[in-house]
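Undergrad: Provided below are the primary sequence and the corresponding predicted coordinates.
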Amino acid sequence: MNSKFDERDFLACCGSKKFAEEMASSGPFANLDQAVDAARDIWFNKVDVNGWLEAYAAHPRIGQNPSAKHPSDASVHVVDAQLEKRRLKSLPIELGARFNQIHLLDIT
């Protein structure tokens, strides 16, 4: 591995600034196992609850397009969510036909 990643690289995969800073200062890593061990230690022992919340807030919401950066993009996401909901509602029928079984699911 032996690649040096900077804070921006880690911030792109985890929205916690503390995590990104700590990972950048911990590298370079000799292999994936070393990087995962460092990430686990940093996440559980150096990042506090506020950092966890910061990371979770950086992720797109369920049904939200990951590329959306602004709330004005919400109309696109509403349409995407509606299409996904229709697809999920047809899922029990598709599964029943595929496996010759009927399952009652309430997907609302």
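TA: Nice, I can see it. Just so it is clear, the structure is predicted and the values come from calculations on it, not from any experiment. Numbering: from 1, shown residues only.
Undergrad: residues in contact with residue 57?
TA: residue 15 (Cβ atoms under 8 Å, 6 or more residues apart in numbering). The way it works is simple: take the backbone N, C-alpha and C, and place the C-beta from them, glycine included.
Undergrad: show me the shaky parts of the chain.
TA: Within the chain, the stretches with pLDDT under 70 are 1-3, 63-108.
Undergrad: cutoff 80 now
TA: 1-4, 59-108 (pLDDT under 80).
Undergrad: helices along this protein, start to end?
TA: Remark: helices assigned in the chain by DSSP state H are 7-13, 17-26, 32-45, 49-58, 74-99.
Undergrad: CA atoms of the third one as CSV?
TA: Included here for helix 32-45 are C-alpha records, laid out as CSV according to Å, rounded to 0.1, in the frame of the first residue of the first chain:
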residue,chain,number,x,y,z
LEU,A,32,-4.8,-2.6,4.3
ASP,A,33,-4.8,-4.4,7.7
GLN,A,34,-2.7,-1.6,9.2
ALA,A,35,-5.0,1.0,7.8
VAL,A,36,-8.1,-0.7,9.1
ASP,A,37,-6.6,-1.2,12.5
ALA,A,38,-5.7,2.5,12.7
ALA,A,39,-9.2,3.5,11.5
ARG,A,40,-10.8,1.3,14.1
ASP,A,41,-8.7,2.7,16.9
ILE,A,42,-9.2,6.3,15.8
TRP,A,43,-13.0,5.9,15.3
PHE,A,44,-13.6,4.3,18.7
ASN,A,45,-10.9,5.9,20.9
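Undergrad: going forward, count from 74.
TA: Understood, numbering begins at 74; the last thing we discussed is helix 105-118.
Undergrad: elements contacting it?
TA: Contacting helix 105-118 under the criterion 3 or more Cβ pairs under 8 Å, 6 or more residues apart in numbering; DSSP states H and E are the following elements: helix 90-99.
Undergrad: list the buried residues of the helix it packs on.
TA: Within helix 90-99, the residues that count as buried by 16 or more other Cβ atoms under 10 Å are 90-97, 99.
Undergrad: ok, so of these, who is nearest residue 77?
TA: Closest to residue 77 out of these is residue 97 (8.4 Å), distances taken as Cβ to Cβ.
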